[in-house]
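Chemist: quick one: sequence and predicted model below, then my questions.
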Amino acid sequence: MFRVMLVEDDPRLAELVVEYLDAYEFKVEVVTRGDLALPHFRANTPDIVVLDLMLPGLDGMVVARQIRDISKVPILILTAREDSYDEVSALEQGADDFVNKPIQPRVLLARLRALLRRPQTSDVQTTEAHDLTFGGLHIALLSRTVVWRGKTVELSNTEFKMLVVLAESAGQVLSRDAIFRKLRGVEFDGMDRRIDNLVSRLRRYFDDIDAEKIKTVWGEGYLFSPTGWD
């Protein structure tokens, strides 16, 4: 049985989620205030967190960052906000998935299962993780630090995960769908440009104007060049 911490101040929605997930062997504990989320998390160590953004006591963005600072547990944002900026911000704060209300219970269940099935290595959640080095690039997986030509590069949580996904498959072409699955545990919908935007940002960080370090393979995806970092 998986333990879910649901941080939600809408009692009707919380009751619906609890009743539905209970039938599928999920044990759901509800927290109704943002400022109570981290203490509850520390005391109960759930397997996954479902988090609203608009909460009394403390904003959900802050809660996501607090949890991510101490744990790599999957975090799914469930919110009525529809601003794409909120989605980007939530993912950069460490969330793994973002869905808008209203959501069908069966869809929520599918999202939770997808996140829980995701291999731990895709989120760099292993005590046996090794560092990755390519020429002047050094990626320390456990400390989540990146050094490029002797200087530390400050990356957001999502940017770091994207870099690791590419680097761990160095020399192989990864489709956008494959990248999306590794990052979020769900399928790429064909219209989403976030993968391309993340690649563009990484190229700027690493002076990859000519796209020689992270190559675009037209019609297929992206290739992290293991020899392009000298």
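Modeler: Alright, I've got the coordinates. Numbering: from 1, shown residues only.

Chemist: use CA for all of it now, contacts and neighbours both
Modeler: Fine.

Chemist: report the central residue of the protein.
Modeler: Residue closest to the average C-alpha location in the chain (C-alpha atoms, centre = their mean): residue 96, at 2.9 Å.

Chemist: right, and it touches residue 76 too?
Modeler: Yes: between residue 96 and residue 76 there is a contact at 5.8 Å, judged by C-alpha atoms under 8 Å.

Chemist: excluding covalently adjacent residues, which one is nearest to residue 93?
Modeler: Take residue 93 and drop its neighbours on the chain: the residue closest to it by C-alpha to C-alpha, 6 or more residues apart in numbering is residue 65, 5.2 Å away.

Chemist: I'd like the distance between the one you found and residue 194.
Modeler: 20 Å (C-alpha to C-alpha, to the nearest Å).

Chemist: more crowded one of those two?
Modeler: residue 65 (18 against 13; other C-alpha atoms under 10 Å).

Chemist: confirm that that one sits in a helix.
Modeler: Yes: the assignment for residue 65 is a helix, going by DSSP: H, G, I helix; E, B strand; the rest coil.

Chemist: the host helix or strand of residue 18 packs against which elements?
Modeler: Assessed by DSSP states H and E, residue 18 sits inside helix 11-22. On a contact count with 3 or more C-alpha pairs under 8 Å, 6 or more residues apart in numbering; DSSP states H and E, helix 11-22 meets strand 26-31, helix 105-117.

Chemist: hey, least reliable of the ones you listed by pLDDT?
Modeler: Here these differ in mean pLDDT, and the lowest is helix 105-117 at a mean of 88.

Chemist: now the angle between helix 11-22 and that helix, please.
Modeler: In terms of direction (axes from the mean of the first three to the mean of the last three C-alpha atoms, to 10 degrees), helix 105-117 departs from helix 11-22 by 60 degrees.

Chemist: low-confidence ranges, the chain, go.
Modeler: 81-86, 118-130, 184-192 (pLDDT under 70).

Chemist: what's the domain layout of this protein?
Modeler: For the chain, automatic domain parsing gives the domain ranges 2-117, 132-224.

Chemist: distance between the ends of the first one?
Modeler: The reference is to domain 2-117. End to end - C-alpha to C-alpha - domain 2-117 spans 12 Å.

Chemist: can you check the last one too?
Modeler: Start and end residues of domain 132-224 are separated by 12 Å (C-alpha to C-alpha).

Chemist: returning to what we had before: mind listing what the residue nearest to the centre of the chain touches?
Modeler: By C-alpha atoms under 8 Å, 6 or more residues apart in numbering, the residues touching residue 96 are 74, 75, 76, 77, 115, 183, 184.

Chemist: what are the ranges of the strands in the protein?
Modeler: Here the chain has its strands, by DSSP state E, at 2-7, 26-31, 48-51, 75-79, 97-100, 132-134, 137-140, 145-148, 151-153, 173-174, 214-217, 221-224.

Chemist: tabulate these (a markdown table), appending mean neighbour count and distance to residue 160.
Modeler: As requested, the strands of the chain are exported to a markdown table (neighbours: other C-alpha atoms under 10 Å; distance: least, C-alpha to C-alpha, whole Å):
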| stretch | mean neighbour count | distance to residue 160 |
| --- | --- | --- |
| strand 2-7 | 20 | 26 |
| strand 26-31 | 19 | 30 |
| strand 48-51 | 24 | 21 |
| strand 75-79 | 24 | 17 |
| strand 97-100 | 18 | 16 |
| strand 132-134 | 15 | 13 |
| strand 137-140 | 19 | 9 |
| strand 145-148 | 17 | 8 |
| strand 151-153 | 13 | 10 |
| strand 173-174 | 19 | 17 |
| strand 214-217 | 18 | 14 |
| strand 221-224 | 22 | 14 |
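
Chemist: done for today, thanks.
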